[in-house]
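K.L.:
turn this into a structure:
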Amino acid sequence: MKIRAIAINTFREAARNKVFYLLIVVGLVFVLSSRVVSLLVIGDRVQVLKDIGLAAINFFSVLIAIFTGINLVFKEIDKKTVYNILSKPISRHCFILGKFLGLAFTLLVALGSMMLVFSMFLLLAAGEFDWRLLIYFLLLYSELLIITAVSLVFSSFSTPILSSIFTIIVYLIGHVVWTFNEFKHRLVDPVVKIVAYVMYYILPNLEKYNIKDQLVMGESVRWNLVGYSLLYAALYISALLLLSVIIFNRREFQ
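P.N.:
Coordinates of the predicted model:
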């Protein structure tokens with residue numbers, strides 16, 4: 001019940017944030033404008049519509065996850081409200097979990113809204129519903145939860161500016177970290193090789209959640225990879241939340 005109360009309060013705080021609504025509105029504008037762009041290009045208009053629309057949803061949902069997540073803990077500390085919360089019979093791990101679940105629901109609402117509008121828009125344009133959009137939604141939401149957990153780790157000990165920078169760096173590296181495993185066998189320096197090996201297994205491999213090209217080109221989605229990606233996300237998020245709790249428990253408030 002304590003975690004649930006914190007989660008609900010976190011969702012209400014995010015819902016009152018004007019930046020949250022601004023990103024959703026701008027994202028929807030880009031999704032709807034993809035129809036206009038598809039009419040101006042040569043080729044399969046449905047493919048262009050999917051490509052631009054899904055790219056816009058991905059971009060703005062990631063922005064929401066980062067810039068909302070970095071204020072999860074810092075805002076409570078900066079406004080001194082964390083003292084009132086922790087003075088009650090609420091443990092620090094309940095506080096962290098409640099914040100994460102609150103933002104997870106916020107992202108679900110934001111991503112669900114954009115995906116619903118895009119699906120209806122695509123249905124009118126193509127005349128049929130692409131059920132693979134549900135898989136895309138599930139994988140993208142898993143990626144957003146990983147990003148949220150990463151931002152939660154940084155916000156547990158850093159300022160919003162540094163947390164946003166660190167989270168963006170992790171996000172960008174996460175989409176190219178798979179190359180570390182490809183090139184580590186070609187590296188000569190043993191130190192660099194070890195660093196590449198460690199980074200490959202420590203940093204999140206976010207590229208496994210990117211199936212936009214498969215959807216656009218009409219390729220089939222491998223269910224075993226989807227299941228593995230969801231399991232990977234669950235384990236990685238659990239590890240990040242545990243790390244956030246450890247950092248937050250060691251932090252002293254003045």
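K.L.:
show the contacting residues for the most centrally placed residue in the chain.
P.N.:
Residue closest to the average C-alpha location in the chain (Cα atoms, centre = their mean): residue 144, at 1.5 Å. Counting by Cβ atoms under 8 Å, 6 or more residues apart in numbering, residue 144 makes contact with 61-62, 64-65, 107, 111. C-betas here are computed from N, CA, C, even on glycine.
K.L.:
between the residues you listed, which is closest to residue 18?
P.N.:
residue 64 (12.7 Å; Cβ to Cβ).
K.L.:
so how far is residue 57 from that closest one?
P.N.:
Between residue 64 and residue 57 the distance, using Cβ to Cβ, to the nearest Å, works out to 11 Å.
K.L.:
repeat that for residue 33.
P.N.:
Using Cβ to Cβ, residue 33 is found at 13 Å from residue 57.
K.L.:
looking at the chain, which helix or strand does the model trust least?
P.N.:
Sorting the helices and strands of the chain by mean pLDDT, DSSP states H and E puts helix 81-87 at the bottom, at a mean of 60.
K.L.:
mind jotting down where the helices sit in the stretch 151-254 of the chain?
P.N.:
Ranges of helices in the stretch 151-254 of the chain, per DSSP state H, counting those that start in this stretch, are 160-174, 178-183, 190-202, 212-217, 223-250.
K.L.:
out of those, which is the most enclosed?
P.N.:
Compared across those, helix 160-174 shows the largest average neighbour count, a mean of 17 (mean count of other Cβ atoms under 10 Å).
K.L.:
now do that helix and helix 190-202, the angle between them.
P.N.:
Put simply, helix 160-174 runs at 100 degrees to helix 190-202, going by axes from the mean of the first three to the mean of the last three Cα atoms, to 10 degrees.
K.L.:
and helix 160-174, average pLDDT?
P.N.:
Across helix 160-174, the average pLDDT comes to 87.
K.L.:
what's it packed up against?
P.N.:
In terms of contacts (3 or more Cβ pairs under 8 Å, 6 or more residues apart in numbering; DSSP states H and E), helix 160-174 is packed against helix 45-69, helix 132-155.
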